[in-house]
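*Asks:* Here is my input; please provide its structure:
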Amino acid sequence: MSGNKMRWSYRLVLIIYIAVSPLLTAQTLAVSLVDSQSDQQRDLEIASRFAPIFYQGLGDDEYQDYIRNFDFDGDWRGDNNWANAENRRFPLRASVYFSVSETQTHLFIHYAVFHPRDYKGGDSGTLLSGIIREGARLGGKYDPTGQLEEAALAHENDMEGCLVVVARNGNDLEQASIVYVETIAHNRILKYVPQNSAANGFETVGLEDQKPRLYIEPKGHGIETYRGGKNQSPQNGILIYDLRGQASDLRENRQANKRYDLVSLFTTLWPRAQRGVNETYGEAHDYGRVTVSVIRKDGRKVEMQVRLGPLGSAFLGRVGATNMARPPWGWFDRDARRDQPLGSWFFDPARTIQRHFYRGGDFSTSYIYAPFLGVQRVKQATTTDKQ
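*Replies:* Residues are numbered from 1 along each chain as shown. Next up, the predicted model:
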């Protein structure tokens, strides 16, 4: 049997299985029914078009404020990043992780920024953080609101980020426009709209050619809209990270705006999360089943249930408060309703944004693409396919 026939036979079997199975696992659904490379290329195109400009504040240990990739030290261990962050032999080329999902009306793009250290407590922060956490454990306290996590003064690994929501206008990205932006800052979701938005009652975010301008605080690395002014003028200044910036190692030149690379969450941190607790993740959470609305190939809207099961939900970290940093599916808003399951902001951004902002208008919550839930783009037939 030829390679093409084998691939189509496999796809047919998988399509039949999906049609008759009422409950699907994320692992099963992660197998693409279309050309996954074309999906990844489209994701990168979308994420690049709306990639934020990050104004990174620099604190008294500015080397720890430089954006890096999780495996900056050449491995995927989470519990050696604090120590290796001081090693000047490792390169300082910035990476920003991303993911894309789509409905018929909007694009939802998550961006995640990694730092090896949260050092907001200074030299004593790691010791005090450990004391706080141990005291809570011995006191038998349960902390569903994340208040104790806010009290941690320093810890190994740090990942904060944002969600950029774009109103589609067909498939031409140049005609699309940002309508909402949400950022993560210390387990709190901050909500923004562009200036002159029809959505009233929200803070605004500046856009530069449909790229949000966002500020990353020094030390703790929470992300918010960039305003400038005294409150966003740290002692060692600001380093601007821009996808259109100059690609060079910070060890060589700190003067020019720095370029960051976009790295897919789906091909890096996600596969490791599916293994639960390991060298990357120190904690796992059972995400159970997720129910989302999807648009089928024939145009029908259906509710689909996906079993995610246990996933790595916090990076392995031993310095200061342990296992404190989280990937995007572990992010939550400690000020939000308690009935929202962990991960809903990442796995179902459409319904989340609808709750936060919706005031009417054309806003679909049914996905045509959600790769972490196995919803793949429908391949458009070509002239050759039709013959």
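*Asks:* in the protein, which spans are helices?
*Replies:* Ranges of helices within the chain are 3-20, 26-29, 36-49, 81-84, 125-138, 147-151, 269-273, 344-347, 349-357, 383-386, based on DSSP state H.
*Asks:* quick one, what contacts Ala284?
*Replies:* Ala284 sits next to 276-277, 310-313 when contact means Cβ atoms under 8 Å, 6 or more residues apart in numbering. Glycine gets a C-beta too; all of them are placed from N, C-alpha and C.
*Asks:* if we can go back for a sec, lowest mean pLDDT across the helices of the chain, which one is that?
*Replies:* The stretch with the lowest mean pLDDT among the helices of the chain is helix 383-386, at a mean of 34.
*Asks:* what about the spatially closest residue to Arg272 that is not a sequence neighbour, how many neighbours?
*Replies:* Among residues not flanking Arg272 along the chain, Thr280 sits closest, at 4.5 Å (Cβ to Cβ, 6 or more residues apart in numbering). When neighbours are defined as other Cβ atoms under 10 Å, Thr280 has 23 of them.
*Asks:* Distance-wise, check Thr280 relative to Ala314.
*Replies:* From Thr280 over to Ala314 the distance is 10 Å, taken as Cβ to Cβ, to the nearest Å.
*Asks:* quick one: low-confidence parts of this protein?
*Replies:* Residues of the chain meeting the criterion pLDDT under 70: 1-35, 122-152, 247-249, 251-256, 337-338, 379-387.
*Asks:* Arg227: neighbour count?
*Replies:* Counted by other Cβ under 10 Å, the residues lying close to Arg227 total 15.
*Asks:* An error on my part: the question was meant for Ile184.
*Replies:* By other Cβ under 10 Å, 26 other residues sit near Ile184.
*Asks:* Bridged to Ile109, which residues?
*Replies:* Beta bridges link Ile109 to Val100, Val164, judged by DSSP bridges.
*Asks:* List the contacts of Arg351.
*Replies:* 292, 344, 365.
*Asks:* With Ala350 instead?
*Replies:* By Cβ under 8 Å, 6+ apart, Ala350 lies in contact with 101, 103, 106, 108, 363-367.
*Asks:* now it: how far from Glu102?
*Replies:* According to Cβ to Cβ, Ala350 stands 9 Å off from Glu102.
*Asks:* Overlap of the contact sets of the two?
*Replies:* Contact with both Ala350 and Glu102 is made by residues 108, 367, according to Cβ under 8 Å, 6+ apart.
*Asks:* show me where the stretch 151-300 of the chain has strands.
*Replies:* 155-167, 177-184, 189-194, 203-205, 213-216, 223-225, 238-246, 258, 260-264, 281-286, 289-295 (DSSP state E, counting those that start in this stretch).
*Asks:* contacting residues for the nearest residue to Asp261 once chain neighbours are set aside?
*Replies:* Using Cβ to Cβ, 6+ apart and skipping residues adjacent in sequence, the residue nearest Asp261 is Ser95, 4.9 Å away. If you count contacts by Cβ under 8 Å, 6+ apart, Ser95 has them with 67-69, 114, 260-263.
*Asks:* Buried subset of these as a ChimeraX selection?
*Replies:* Per 16 or more other Cβ atoms under 10 Å, the buried members of the contacts of Ser95 correspond to this ChimeraX selection:
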select :67,68,69,114,260,263
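*Asks:* quick check, nearest of the contacts of Ser95 to Asn236?
*Replies:* Checking those against Asn236 with Cβ to Cβ, the nearest one is Ile67 at 15.1 Å.
*Asks:* Give me the phi and psi angles of the closest one.
*Replies:* Per-residue torsions, Ile67: phi -70, psi 140 (degrees, to the nearest 10).
*Asks:* so it touches Val96, yeah?
*Replies:* Yes. If you go by Cβ atoms under 8 Å, Ile67 and Val96 touch, sitting 6.9 Å apart.
*Asks:* Pull up the overlap in contacts between the two.
*Replies:* By Cβ under 8 Å, 6+ apart, the residues touching both Ile67 and Val96 are 54, 113, 241, 260.
*Asks:* Going through those, which ones are buried?
*Replies:* Among those, those classed as buried by 16+ other Cβ under 10 Å are 54, 113, 241, 260.
*Asks:* Using TSV, lay out the strands of the stretch 151-300 of the chain together with distance to Gln41.
*Replies:* TSV is the format used below for these (distance: least, Cβ to Cβ, whole Å):
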stretch	distance to Gln41
strand 155-167	18
strand 177-184	22
strand 189-194	28
strand 203-205	28
strand 213-216	25
strand 223-225	27
strand 238-246	16
strand 258	24
strand 260-264	11
strand 281-286	28
strand 289-295	22
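*Asks:* Compare these and give me the one nearest Phe50.
*Replies:* strand 155-167 (5.2 Å).
*Asks:* what about that closest one, distance to the chain center?
*Replies:* 5 Å (Cα atoms, centre = their mean, to the nearest Å).
*Asks:* angle of that strand against strand 177-184?
*Replies:* Relative orientation of strand 155-167 and strand 177-184, computed by axes from the mean of the first three to the mean of the last three Cα atoms, to 10 degrees: 160 degrees.
*Asks:* can you give me the angle strand 155-167 makes with helix 36-49?
*Replies:* Between the axes of strand 155-167 and helix 36-49, defined by the same axes, to 10 degrees, the angle is 90 degrees.
*Asks:* and strand 155-167, what other elements does it pack with?
*Replies:* helix 81-84, strand 106-118, strand 177-184, strand 223-225, strand 310-315, helix 349-357 (3 or more Cβ pairs under 8 Å, 6 or more residues apart in numbering; DSSP states H and E).
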